[in-house]
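Engineer: Just the structure for this:
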Amino acid sequence: MPNLLPDPDLLTRIVAFDTVSSNPNLPLVDFLSDYLDRPGVEVERHLSPDGTKANLIVRVGSAREDRSGLVLSGHMDVVPAGEPGWENDPFTLTDRGDRWVGRGACDMKGFVALAVNLAAEASARADRLAAPLALVLTYDEEVGTLGARWLAEDYGGLDTLPSSVIIGEPTSLAVIGLHKGHLKMRASFSGVSAHSGYPHLGANAIVPAGRAIVALAGLGAALEQEGAESAARFPDVPFAAVNVGTVHGGSAINVVPDSCVVEIGVRTLP
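Structural biologist: Modelled structure (predicted):
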C-alpha cells in the first residue's frame with residue numbers, strides 16, 4: 001500500500017501523465033489504481049470500447065439502498081498543450097508562488113488529486129463513515145464527454161452509487177444551473193480537380209466554401225441581436241455563438257481543389 005502523498009505531490013505525479021484526449025489514459029489509470037489499492041477501497045475499471053482508455057469508479061463504504069452518500073466526479077483527460085506561450089514543460093507542475101502551473105492543473109487534475117486523497121484518507125475509517133463516498137473519473141470529457149456517455153450506456157452499477165454528485169469543474173463551486181449546448185456541423189464542398197493553368201477545366205471547391213463562411217459570419221452577427229429568455233444567465237456571451245472552427249481544402253497551390261470541408265460549432269442557448 002503506497003504512502004499517502006501530500007496533495008501537491010500527488011498533483012505533480014498526475015500532471016506528469018500526458019493524458020491529452022488523443023492519447024490512451026491507461027498509464028494514469030494504472031497509477032491511480034495502485035495508489036488507491038488500500039483496505040476499504042474498491043476500484044473498478046470501465047474500459048472504453050477499443051480498450052485503450054478507461055473510466056475509474058472508486059468506492060469507500062458500503063452502498064446504501066437509499067443511495068445516500070456522495071460522488072466526486074471529474075475527468076482525467078486534458079486539452080492539447082501546443083500553445084506557444086508555455087514557459088515550462090506543460091506536464092511538469094511548476095510553483096509560481098500564488099498558483100500551480102501545468103496542463104490540467106485546474107481543469108481538472110487539481111480536483112482529481114484532492115478527490116483521490118480524500119478517498120485514500122477515508123479508507124482508513126471506511127467502517128465508520130456516516131455515508132459512502134465514491135469517485136467517478138472519466139476519459140475524453142474534452143472531446144465530447146465520451147467516457148461519461150459510455151459509462152451511462154454500459155456500466156451496470158450506476159444505480160448503486162450515491163445520487164448526490166459534485167462535479168469538479170473549475171467553477172469555484174458556484175452552482176451552474178444552465179449550460180449552453182454545442183451543435184457541431186460539417187459542411188463538405190465538392191469540385192473538379194484541374195491544373196491551375198487551366199482553371200476552366202475544373203471547379204474550385206474552396207470558392208463556394210468561402211461564400212458559406214461569409215454567410216456563417218452573417219448568421220453569427222444576426223444571432224448576436226436575437227433575444228432569448230435565458231440570455232441574462234450568460235452575461236459575457238448572451239447569444240448563440242457561431243464559430244467556424246476548421247477549414248480543410250486543396251492539395252497544392254497549382255492545383256484547382258476538388259474538395260473543401262468546413263467544420264462549424266454553435267454554442268446554443270438553453
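Engineer: Pretty sure Thr145 sits against Thr138.
Structural biologist: Yes. Thr145 is within contact range of Thr138, at 7.5 Å (criterion: CB atoms under 8 Å). To be clear about C-beta, it is placed using only N, CA and C from the backbone, and glycine gets the same treatment.
Engineer: Which residue of those two possesses the greater neighbour count?
Structural biologist: Thr138 (24 against 15; other CB atoms under 10 Å).
Engineer: Could you pull up the contacting residues of that one?
Structural biologist: Each residue near Thr138 by CB atoms under 8 Å, 6 or more residues apart in numbering is listed here: Asn55, Ser73, Gly74, His75, Met76, Thr145, Gly147, Ala148, Leu151.
Engineer: Write the ChimeraX selection for whichever of those residues are buried.
Structural biologist: Filtering these down to the buried ones (16 or more other CB atoms under 10 Å) takes a single ChimeraX command:
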select :55,73,74,75,76,147,148,151
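Engineer: Quick check, Lys33 in contact with Glu44.
Structural biologist: Residue 33: Ser, not Lys. No. Judged on CB under 8 Å, Ser33 makes no contact with Glu44 at a distance of 9.4 Å.
Engineer: The two: who's more crowded?
Structural biologist: Using other CB under 10 Å, the more surrounded residue of Ser33 and Glu44 is Ser33, with 17 against 13.
Engineer: returning to what we had before: can you list residues touching both of Ser33 and Glu44?
Structural biologist: Leu56.
Engineer: which element is Phe111 on?
Structural biologist: Per DSSP states H and E, Phe111 falls inside helix 110-123.
Engineer: I'd like to know which elements that helix is packed against.
Structural biologist: helix 7-15, helix 26-35, strand 41-47, strand 54-60, strand 70-75, strand 133-138 (3 or more CB pairs under 8 Å, 6 or more residues apart in numbering; DSSP states H and E).
Engineer: pLDDT on that helix, on average?
Structural biologist: Mean per-residue pLDDT for helix 110-123: 95.
Engineer: Now do that helix against strand 70-75, angle only.
Structural biologist: With axes from the mean of the first three to the mean of the last three CA atoms, to 10 degrees defining the directions, helix 110-123 sits at 140 degrees from strand 70-75.
Engineer: what does helix 110-123 contact?
Structural biologist: 4-5, 7, 10-11, 14, 32, 35-36, 38-41, 58, 60-61, 72, 74, 76, 100, 104, 129, 133, 135, 137, 168-170.
Engineer: Give me the angle between that helix and helix 26-35.
Structural biologist: 20 degrees.
Engineer: As CSV, could you dump the C-alpha coordinates of helix 110-123?
Structural biologist: The C-alpha coordinates for helix 110-123 follow below in CSV (Å, rounded to 0.1, in the frame of the first residue of the first chain):
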residue,chain,number,x,y,z
GLY,A,110,-6.3,19.5,-9.2
PHE,A,111,-9.7,18.3,-8.3
VAL,A,112,-8.8,14.7,-9.1
ALA,A,113,-5.8,14.8,-6.8
LEU,A,114,-7.9,16.2,-3.9
ALA,A,115,-10.7,13.7,-4.5
VAL,A,116,-8.2,10.7,-4.7
ASN,A,117,-6.5,11.7,-1.5
LEU,A,118,-9.9,12.2,0.2
ALA,A,119,-10.8,8.6,-0.8
ALA,A,120,-7.5,7.3,0.4
GLU,A,121,-7.9,9.1,3.7
ALA,A,122,-11.5,7.9,4.1
SER,A,123,-10.4,4.3,3.6
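Engineer: Buried residues, that helix. List them.
Structural biologist: 110-120, 122-123.
Engineer: Stretch 125-135 now?
Structural biologist: Ala126, Pro132, Leu133, Ala134, Leu135.
Engineer: Tell me what the last one is bridged to.
Structural biologist: Read that as Leu135. Legend: beta-bridge partners of Leu135 under DSSP bridges are Val58, Leu72.
Engineer: thinking it is in contact with Leu70, fair?
Structural biologist: No. With contact defined as CB under 8 Å, Leu135 does not reach Leu70; the gap is 9.9 Å.
Engineer: So for stretch 254-270, first residue to last residue, what's the gap.
Structural biologist: Its start and end residues considered, stretch 254-270 measures 46 Å (CA to CA, to the nearest Å).
Engineer: what about the stretch 1-150 of the chain, any weak spots by pLDDT?
Structural biologist: For the stretch 1-150 of the chain, applying pLDDT under 70 flags the ranges 1.
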